[in-house]
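Enquirer: when you get a sec, could you give me coordinates for this:
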Amino acid sequence: MASRFPHTEVAPSDGTVCSPKALAEAVAELVRIPSVDPLVFGPKAAEGGEAGEQAMAHHLAARFEDLGASEVVLDEAGPGRPNVYAVFPGRTDRLVVIDTHTDTVGVEDMTDPPFDGRIEDDRVWGRGALDTKATTGVLLSLLAAWQAEGRRPDPTVLAVGSVGEEQSGFLGALRFRRWATERGLEIDEMVVAEPTGLAPIHGHKGGVGVLVTTIGRAAHSAVPERGVNAVEAMAPVLTAMGVEHDRLQTAKPSTEVGHGTLSVTMISGGTGGNVIPDRCSIVVTRRTVPGEDPDEVYEQIAQVARTASPVPVEVVTLLTSALDGKKGFAAFYQPADTALARRLAHLAGTAPAVAPYGSNALFYGGLARELVLFGPGSIDDAHAPTEWVTIADLVRTARALDAWLTAA
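Expert: Sure thing, here's the model as predicted:
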């Protein structure tokens with residue numbers, strides 16, 4: 001049967017696995033399918049269609065079926081938010097997983113058309129072109145090339161399109177982990193797609209989020225002595241949080257991931273200009289490093305707040321892990337010298353590295369024997385008012401993934 005999704009120049013003339021044109025067109029096609037995370041869906045996003053990842057999941061499911069998957073599953077991670085899984089049998093029963101997230105960040109601040117997917121200046125433009133439709137498009141192009149040439153990958157490949165990575169609490173990663181565990185999958189190697197400059201990322205920070213509220217007593221501002229000012233009470237807490245961040249920087253890092261960090265990222269309080277405020281709240285964001293327990297980090301932050309505040313404080317966790325119930329997420333870390341990290345670094349001409357940001361890998365610990373983040377482009381260019389990926393990086397990604405997946 002003829003392909004429902006034709007792409008030109010699957011087999012390039014220069015001997016590489018996919019032509020630059022085919023790679024660019026594959027990514028551009030995905031960019032034109034809006035998949036903005038519903039939590040950041042606004043008027044500009046609405047011009048492109050409905051919120052969420054559903055259209056992308058159904059598109060990928062159809063593509064995977066067309067490209068010869070032995071099994072395609074649409075798995076609801078939430079209402080109208082399906083993950084998509086596709087199995088491509090290999091020459092061996094070794095199992096590798098490539099996880100790309102189907103949602104994107106919002107587009108309301110974009111200065112470029114967010115979903116036009118234009119190919120210009122040797123780049124593909126639009127929201128998601130880099131993060132992470134680039135890797136998805138490369139994978140689709142590789143599958144098309146293998147199909148056209150009658151080839152199969154060496155390992156069995158499980159392609160995963162997961163929802164909710166950007167804003168929805170890693171909804172899709174949690175659901176995929178449960179699905180894989182229920183099936184008893186034994187995963188040898190796993191790649192989580194992120195913009196890493198094609199360096200295999202073998203570790204990154206986790207996170208703890210805390211809401212700290214000072215409790216005062218309201219009064220008329222004409223008689224402030226009758227009240228207890230919760231905003232003023234927060235001042236020494238803010239200072240103490242800064243001191244705690246500085247203390248973290250003096251500790252000897254246990255791994256290449258480095259030090260933990262602490263930032264106060266939001267503050268609110270008061271009800272009017274003539275009222276002594278009875279409540280003031282801050283959001284404290286703590287990035288955890290390998291070896292730190294999220295519950296212990298939470299208690300450290302709570303103790304800092306209670307010791308510094310001259311009034312009672314309330315402390316509430318903002319992040320609870322659905323995996324183990326802890327008050328936050330432990331960092332992801334594997335040694336840099338795993339076979340997967342070394343192999344991908346060699347193929348891409350890079351070196352294993354660590355990163356300061358988070359990813360789906362926070363929820364995949366122990367799911368695969370070896371796990372890294374890997375993908376084209378720089379994280380510095382993601383989530384920006386313009387988004388793009390270079391075609392040259394798509395070509396480099398295709399060569400690396402093809403060599404990794406087809407070498408016996």
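Enquirer: tell me which residues touch the closest residue in space to residue 237 that isn't next to it in sequence, please.
Expert: Closest residue in space to residue 237, ignoring its immediate chain neighbours: residue 308 at 4.7 Å, by CB to CB, 6 or more residues apart in numbering. (C-beta placed from N, C-alpha, C; glycine too.) Residue 308 sits next to 236-237, 239-240 when contact means CB atoms under 8 Å, 6 or more residues apart in numbering.
Enquirer: what's the answer for residue 202, then?
Expert: Neighbouring residues of residue 202 by CB under 8 Å, 6+ apart: 333-336, 338, 341, 352-354, 372.
Enquirer: list of residues touching the strand or helix carrying residue 191?
Expert: Taking DSSP states H and E as the criterion, residue 191 maps to strand 187-193. With contact meaning CB under 8 Å, 6+ apart, strand 187-193 is reached by 94-101, 132, 134-136, 155, 158, 180, 340, 344, 359-361, 364, 367-375.
Enquirer: break the protein into its domains for me.
Expert: With domains defined by automatic domain parsing, the chain comprises 20-203+332-406, 206-317.
Enquirer: hey, which of those domains is tucked in deepest?
Expert: A comparison of these by mean neighbour count, using mean count of other CB atoms under 10 Å, puts domain 20-203+332-406 on top with a mean of 21.
Enquirer: and the contacts of residue 308, which is closest to residue 279?
Expert: Here the nearest of the contacts of residue 308 to residue 279, counting by CB to CB, is residue 237; it sits at 13.1 Å.
Enquirer: quick revisit: adding distance to residue 323 and mean pLDDT, write the domains of the chain out as TSV.
Expert: Output for the domains of the chain, formatted as TSV (distance: least, CB to CB, whole Å; pLDDT from 0 to 100):
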stretch	distance to residue 323	mean pLDDT
domain 20-203+332-406	6	96
domain 206-317	11	97
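Enquirer: and the ones you listed: which comes nearest residue 325?
Expert: domain 206-317 (9.1 Å).
Enquirer: roughly how far is that closest one from the heart of the chain?
Expert: Relative to the centre of its chain, domain 206-317 is centred 27 Å away, using CA atoms, centre = their mean, to the nearest Å.
Enquirer: over to stretch 163-181?
Expert: Taking CA atoms, centre = their mean, one finds stretch 163-181 lying 10 Å from the centre of the chain it belongs to.
Enquirer: ok, which of the domains of the chain comes nearest residue 324?
Expert: Per CB to CB, nearest to residue 324 of the domains of the chain: domain 206-317, 8.8 Å.
Enquirer: now the terminal residues of stretch 248-260, how far apart.
Expert: Taking CA to CA, to the nearest Å, stretch 248-260 runs 6 Å from one end to the other.
Enquirer: what do you get for stretch 174-194?
Expert: 17 Å.
Enquirer: in the sheet, who's paired with residue 125?
Expert: residue 388 (DSSP bridges).
Enquirer: distance check, it against residue 405.
Expert: 28 Å (CB to CB, to the nearest Å).
Enquirer: for residue 130, grab phi and psi.
Expert: Dihedral angles of residue 130 (phi, psi; degrees, to the nearest 10) stand at phi -100, psi -40.
Enquirer: so it is in contact with residue 386, correct?
Expert: No. Using CB atoms under 8 Å, residue 130 is not in contact with residue 386; the gap is 10.1 Å.
Enquirer: picking up where we left off before, how about the domains of the chain in CSV, adding distance to residue 324?
Expert: Output for the domains of the chain, formatted as CSV (distance: least, CB to CB, whole Å):
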stretch, distance to residue 324
domain 20-203+332-406, 10
domain 206-317, 9
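Enquirer: among these, which comes closest to residue 326?
Expert: domain 206-317 (4.4 Å).
Enquirer: tell me which residue lies nearest the centroid of the chain.
Expert: Nearest residue to the geometric centre of the chain (CA atoms, centre = their mean): residue 359, 3.6 Å.
Enquirer: now do the contacts for that one.
Expert: Listed by CB under 8 Å, 6+ apart, the contact set of residue 359 reads 165, 192, 194, 204, 332, 373.
Enquirer: same check, this time on residue 176
Expert: Residue 176 is in contact with 75, 77, 83, 85, 99, 160, 162, counting by CB under 8 Å, 6+ apart.
Enquirer: ok, now residue 43?
Expert: So residue 43 contacts residue 108 (CB under 8 Å, 6+ apart).
Enquirer: so how far is residue 106 from it?
Expert: Counting by CB to CB - residue 43 and residue 106 are separated by 11 Å.
Enquirer: again with residue 322
Expert: 24 Å.
Enquirer: same check on residue 36?
Expert: For residue 36, the distance to residue 106 (CB to CB) stands at 6 Å.
Enquirer: return every residue with contacts to both of these two.
Expert: By CB under 8 Å, 6+ apart, residue 36 and residue 106 have these common neighbours: residue 45.
Enquirer: quick one: the strands in the stretch 251-400 of the chain, in order.
Expert: Assigned by DSSP state E, counting those that start in this stretch, the stretch 251-400 of the chain shows strands spanning 261-269, 275-276, 279-288, 313-317, 332-333, 353-355, 368-374, 388-390.
Enquirer: figure out which of those is closest to residue 175.
Expert: When the strands of the stretch 251-400 of the chain are compared by CB to CB, strand 368-374 sits nearest residue 175, at 16.5 Å.
Enquirer: now that closest one and strand 187-193, what's the angle there?
Expert: Strand 368-374 runs at 20 degrees relative to strand 187-193, counting by axes from the mean of the first three to the mean of the last three CA atoms, to 10 degrees.
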